[in-house]
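Asks: sharing a sequence plus its predicted fold:
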Amino acid sequence: LQEQRVSELEHGAREQRRQACAREIERRDWNEKRMKEEREEVALQIEDGLFSVLMNETLTALSTNPLNKATSRINGR
């Protein structure tokens, strides 16, 4: 009878460890998914920022280019 109780306790402990491991795996998977989403979000923000900087630089270069100013004067703009 005592051996049966010990066996049941060991089985219970194994089951608890198994469940704890399963919860830890789920937690890690969720964290990994969230970190991936955050990295993608940051990458998009960086791309948007770079695009804005490049557009501003392009517009500035076009507006200060002497050739463009001369062409504008010729065309009456």
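Replies: Received it, and whenever you're ready, just let me know what you need. Residues are numbered from 1 along each chain as shown.
Asks: can you give me the helices for the protein?
Replies: With DSSP state H as the criterion, the chain has helices at 2-64, 66-74.
Asks: and the shortest one, what's its mean pLDDT?
Replies: Right, helix 66-74. In this model, helix 66-74 has a mean pLDDT of 63.
Asks: could you number the chain from 6 rather than 1 from now on?
Replies: Yes, from this point I'll number from 6; that puts the last item at helix 71-79.
Asks: burial of residue 14, as a residue count?
Replies: 10 (other Cβ atoms under 10 Å). (Glycine included, C-beta is placed from N, CA and C.)
Asks: now it: how far from residue 27?
Replies: 20 Å (Cβ to Cβ, to the nearest Å).
Asks: got it, and residue 68?
Replies: In terms of Cβ to Cβ, residue 68 sits 62 Å off from residue 27.
Asks: alpha carbons only: can I get stretch 14-21 in CSV?
Replies: Once non-C-alpha atoms are left out, stretch 14-21 reads as follows in CSV (Å, rounded to 0.1, in the frame of the first residue of the first chain):
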residue,chain,number,x,y,z
LEU,A,14,3.1,10.8,-5.5
GLU,A,15,5.9,10.3,-8.0
HIS,A,16,3.4,10.2,-10.9
GLY,A,17,1.8,13.4,-9.6
ALA,A,18,5.1,15.1,-9.3
ARG,A,19,6.0,14.0,-12.9
GLU,A,20,2.7,15.3,-14.1
GLN,A,21,3.2,18.7,-12.4
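Asks: may I see the buried residues of that stretch?
Replies: Buried positions in stretch 14-21, judged by neighbour count with 16 or more other Cβ atoms under 10 Å: none.
Asks: if anything else comes up later, I'll come back, but that's it for now.
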